[in-house]
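In: this one's structure only:
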């Protein structure tokens, strides 16, 4: 049956692609983004319905129902859009391939070197990352405690209804991404790495969207579009999530589609042929994005600024009103279909807040800052802290010599802080982890920022636009959107050295400024002169390519080859390490107890879990993901009785007092000073 389901999965992708040819214009970029949006939207809606019917784990029902949902969505969209004939995707691909080859042949030597470096780097990384997606297991902290753990619970329970898990993310986190992960997991024959499919697809979707956005802004200038898209593909923080099950990269894909639809609407208006399909698709993308993660709320000011430029500004109030009500209705429908059912309303019912319990809010939200005066003070410090964090040679500093160069390069910034005495590393009341000028290897290796592309090109170009040296109306609005999101991340939550993953959405606005290198005469690198400026841009590009390669090949979370990090810790190749070893890389002190658990407990056992909020639970499902796990210490609900059908009890000593006969699995206490959150003292009790 696995082969049949896999064929149905591939057929669905092809079917959605064909439906998209009746919805979008003959544009390869637009076809990809429409297919992504229609496919994701169909699976999410299907998942909500199947959950209500307790069919979440029914592969056969999934296989057929997604076709029904996508057909209905496509039919509704086609009724709202102007009539158009289907276009041939094959002919369109052939035409665009010929156009791309012609563009590359016409490039001067300097430009050809730049683009050859970028394309070659992306090719190597794309091949490596594909292998990582297919042949290495997920191992991100949040996935081990919450994201993938709850996906398995939903599969075992047959529904995504609220149940109360050990980690606060189990029920509080929006469930739309779970539908996509469950669908690919089931349709690929319970293939564990199927959980990564939507995330890896999101990586390529955002790249395509950047290309399309710059095509609209740059009036179809291919060099500007390719440079921005390729650079974004190599930004360290964005690149690192392409092989993970982290959720921010999926939100970035939804945001990129939303921005593309808005800018394309602006383009059609300029051409005196406004096309409302882009408003409807923007509303759909808005609803899906908001339903994916509550942090989309932090993007609302930025999105509003882009809407102001692309939709609301018009020759008359009548035109503005007509556009606004169409977009408002589209957003309203999108929110009703893809945002409200994802869990926010249930959170209000259970916790009294759409995000979750008060403990979670106080730990990682604006409430931790206390009074408004302190929030403004500490949030302003966070702006500077994140600014400092962006000025790093991410990727290159994974090497010892790179770390030394990076340290020397940043000494003037440290000296500046000493002069201004901003107390960036002294004030800690609005920090999850205290700020340091030289972040620990564990923080910057897995969660870098933008690297040299950011502080070497993006921020300088942003500055030149904001002071008026470069004139570009679109980039003024994009700059405001970037600054608003930067501020939102700084003031809305405590400083977190892992925050690099959140700035991939900010980078979506920022990378568009690189188009000015080909669009604006004052900074163009296509001018025959400006040898110094062109040499600088070429240097940044080459260093950026090296940084991207080192980010991938020296990523300790998923190493292609064995390596010893600058801190002296040795890591095995992700292809060679066993499942438990790979999953516990972030918490090596729990490897031995988890490995012993895996060896002692049968694959089909029912295990009661008395663990704490920070404990990894996902690895306990076993290599076949076939163990049934029952949490009996749900977050802030107190200890529950051990279920009668449980075969084993896995517990932490801090939760249950051991009794004679319990097997102590323990934890490696010699590592307590070197891990961020030390593991518990674990025990195993055989119940039957």
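Out: Yes, it's here. Since the structure is predicted, the reported quantities are computational estimates derived from the model, not experimental observations. Numbers count the residues shown, from 1 in each chain.
In: can you give me the helices in the stretch 151-300 of the chain?
Out: Counting by DSSP state H, counting those that start in this stretch, the segments of the stretch 151-300 of the chain that form helices are 169-172, 176-187, 197-217, 222-234, 236-240, 248-270, 277-292, 300-307.
In: nearest to residue 17, of these?
Out: Checking the helices of the stretch 151-300 of the chain against residue 17 by Cβ to Cβ gives helix 197-217 as the closest, at 12.8 Å. Any C-beta I mention is one placed from the backbone N, CA and C, and that applies to glycine too.
In: what about the residue lying closest to residue 469 once chain neighbours are set aside, neighbour count?
Out: In this structure, residue 469 finds its nearest non-sequential neighbour in residue 522, 6.7 Å apart by Cβ to Cβ, 6 or more residues apart in numbering. Number of residues near residue 522 (other Cβ atoms under 10 Å) recorded here: 10.
In: state the helix or strand in which residue 522 lies.
Out: Using DSSP states H and E, residue 522 falls within no helix or strand.
In: can you check residue 683 too?
Out: Residue 683 belongs to strand 682-686 when assigned by DSSP H and E.
In: tell me the strands beside that strand, with direction?
Out: strand 648-652 (antiparallel), strand 663-666 (antiparallel) (DSSP bridges).
In: rank the ones you listed by mean pLDDT and give me the bottom one.
Out: If you rank these by mean pLDDT, strand 663-666 sits at the bottom with a mean of 89.
In: quick check: buried residues in that one?
Out: 663, 665-666 (16 or more other Cβ atoms under 10 Å).
In: and the residues you listed, which is closest to residue 622?
Out: Nearest to residue 622 among the buried residues of strand 663-666: residue 665, at 15.5 Å, using Cβ to Cβ.
In: the closest one: what's it in contact with?
Out: 592-594, 596-597, 682-684 (Cβ atoms under 8 Å, 6 or more residues apart in numbering).
In: and those residues as a markdown table, adding pLDDT?
Out: Output for these, formatted as a markdown table (pLDDT from 0 to 100):
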| residue | pLDDT |
| --- | --- |
| 592 | 92 |
| 593 | 93 |
| 594 | 95 |
| 596 | 94 |
| 597 | 95 |
| 682 | 92 |
| 683 | 93 |
| 684 | 94 |
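In: which of these lies closest to residue 538?
Out: residue 594 (48.1 Å).
In: leaving out chain neighbours, which residue sits closest to that closest one?
Out: residue 580 (5.1 Å).
In: now residue 653
Out: Of all residues not flanking residue 653 in the chain, residue 681 sits nearest, at 4.1 Å (Cβ to Cβ, 6+ apart).
In: where's the one you found relative to residue 314, distance?
Out: From residue 681 across to residue 314, the span is 65 Å (Cβ to Cβ, to the nearest Å).
In: now do residue 432
Out: From residue 432 over to residue 314 the distance is 44 Å, taken as Cβ to Cβ.
In: got it, and residue 232?
Out: Note on residue 232: its distance to residue 314, by Cβ to Cβ, is 30 Å.
In: re the thing from before, just confirm the residue nearest to residue 653 contacts residue 664, I think it does.
Out: Yes - under the criterion of Cβ atoms under 8 Å, residue 681 makes contact with residue 664 at 7.4 Å.
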